[in-house]
Structure formats: C-alpha cells, structure tokens
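J.: how does the following fold in three dimensions:
(chains A and B)
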Amino acid sequence: DQQVKQNSPSLSVQEGRISILNCDYTNSMFDYFLWYKKYPAEGPTFLISISSIKDKNEDGRFTVFLNKSAKHLSLHIVPSQPGDSAVYFCAASDISSGSARQLTFGSGTQLTVLP
Amino acid sequence: DTGVSQDPRHKITKRGQNVTFRCDPISEHNRLYWYRQTLGQGPEFLTYFQNEAQLEKSRLLSDRFSAERPKGSFSTLEIQRTEQGDSAMYLCASSLSEVAYEQYFGPGTRLTVT
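T.: Alright, predicted model coming up:
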C-alpha cells in the first residue's frame, strides 16, 4: 500500500508562473514532511520540510502547505524558472518508526518549466 | 565538496556475481541510510546505521544483501549472487540524529544485472 501518493506524474508550467505540486498521505503517524528535487543521474536534493505542527513553511521561492485534516501537502514554486525542471519527490517521516526515521517517498512528479 | 559521495556511479554485472558499493557520508553526520530506487518509483528504505551500529533493516533487504559501517565512517553495501531484479539505483543518505528526518543523498550507484 502506498502511504505517500503523488497522483500527477507530470506537470508543465510557463516560466514566471506558479508551479503547484501535490502530495497525499495515509499514515497519521507521519510527523515531518519533506520535498526533494531530483535531476537525471543525480541523487535527490533536499528542498524544504515542514513539521506536522505547522501548516506552512516558506523558503525563498518555495512554500510548502500542510493540511492535516485532509492528509494533503503541496509545494508552491513562484516564480517558476526553467532550472526548476526536475522530478519532485514528496517524502514523510514516521514518528512510530523508532529511531530510524526512515523516509517514505511518493513516486514523484516531473515538473517542466517552459521558457 | 563536503556532500555525500558514492562509488562506483555505475556498475554492470552478470547474474550470479557479487558486487560491493561504497558510501562516504557528510563527515559530521552520525546516521547513514541506504535506499533503493527503481524506475518510476521513489526511493525505498533498505537499512540504517547510527555510528557503526546497524539498527534497522527493511524486509526488502534479503539475505543476499549485507551492509557495514566500520568505525562509523564510510559504509559498504554488498549484494551476493546478484539477480536481474536487483537492477536499480542504490542511494546513500546521511543525517544528524537531532534532525534525523532531514537526510542528504549521494548521487547513487546505478546497478545493471545482465
């Protein structure tokens, strides 16, 4: 069963506009959520995280929103730039996983920012 | 460069052969993780170390897989008697205990078993 779901495999956005990437989860024990960006032939790069006690976290052009009641989070990128074109992964950490705190990932969304 | 490094970046092997991958974490990070990623999927957790102790293994880690982290520095992941289903990207990540969930990944080792 997929505990973290990214239902949109791809998204295309015009340069300068807002990109919104969505993620849904099912596990109520997730207490931290992260977004990673991945370019081809590279490992995932950490972008931004949010604790389950918050509903918004902002870092420059990136903002993550968390709706706990809907078990939904989203990443907003504004303004979008061609260099943002990459696969974006949503990930979550489970407080009940013990000391490991391993991450559970979604399947990713390919963002393409068109010049 | 003080990021996570992995070696080799690519490995092609024949079915039945043994392979070993190396990961060097960020120097001050005491936690080290191995993940596996297959095409079209996100990374999946395999195992984790706190310093030199291997504290958790996923059910994905069959008996053919073994990982070590001697002296709590670099780590190796060995796969014995490789199978075609082992073909994947093997990713290493490291973190600090205080923010264990904030994991930094290396570039990965892409394994192809023919």
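J.: CA atoms for contacts and neighbours, from now on please.
T.: Noted.
J.: which one is the residue of chain A found nearest chain B nearest to, not counting chain neighbours?
T.: Across chain A, the shortest distance to chain B (C-alpha to the nearest C-alpha) belongs to A:G43, at 4.0 Å. Residue nearest to A:G43 in three dimensions, not counting chain neighbours: B:P107, with 4.0 Å by C-alpha to C-alpha, 6 or more residues apart in numbering or on different chains.
J.: and for the residue of chain B found nearest chain A, the neighbour number?
T.: Residue of chain B nearest chain A, by C-alpha to the nearest C-alpha: B:P107 (4.0 Å). Around B:P107 there are 26 other residues, counting by other C-alpha atoms under 10 Å in any protein chain shown.
J.: again, but for A:S12
T.: Each residue near A:S12 was counted by other C-alpha under 10 Å, and the total is 12.
J.: next: B:L61.
T.: Other residues within reach of B:L61 by the criterion other C-alpha under 10 Å amount to 15.
J.: that one sits in which helix or strand?
T.: In this assignment (DSSP states H and E), B:L61 forms part of neither any helix nor any strand.
J.: that one: what's it in contact with?
T.: B:L61 makes contact with B:46-47, according to C-alpha atoms under 8 Å, 6 or more residues apart in numbering or on different chains.
J.: please report how far it lies from A:A86.
T.: Counting by C-alpha to C-alpha, to the nearest Å, the gap between B:L61 and A:A86 amounts to 29 Å.
J.: relative to the whole chain's centre, how far out is the helix or strand bottoming out on mean pLDDT in chain B?
T.: When each helix and strand of chain B is scored by mean pLDDT, DSSP states H and E, strand B:53-57 comes last, with a mean of 90. Strand B:53-57 has its average C-alpha position 13 Å from the chain's average C-alpha position, going by C-alpha atoms, centre = their mean, to the nearest Å.
J.: related to what we said a few turns ago, quick check, the residue nearest to A:G43 in a helix?
T.: No. With DSSP: H, G, I helix; E, B strand; the rest coil as the criterion, B:P107 is located in coil rather than a helix.
J.: so it makes contact with B:P8?
T.: No. Counting by C-alpha atoms under 8 Å, B:P107 does not reach B:P8; the two are 10.0 Å apart.
J.: for A:V4, give me phi and psi.
T.: Backbone torsions of A:V4, given as degrees, to the nearest 10, read phi -130, psi 120.
J.: cool, and B:K71?
T.: Dihedral angles of B:K71 (phi, psi; degrees, to the nearest 10) stand at phi 60, psi 10.
J.: list the contacts for it?
T.: Contact analysis of B:K71 by C-alpha under 8 Å, 6+ apart lists B:51-52.
J.: and it, how far from B:N30?
T.: The separation that B:K71 has from B:N30, given C-alpha to C-alpha, amounts to 11 Å.
J.: okay, and the common contacts of those two?
T.: With C-alpha under 8 Å, 6+ apart as the test, B:K71 and B:N30 both reach B:N51.
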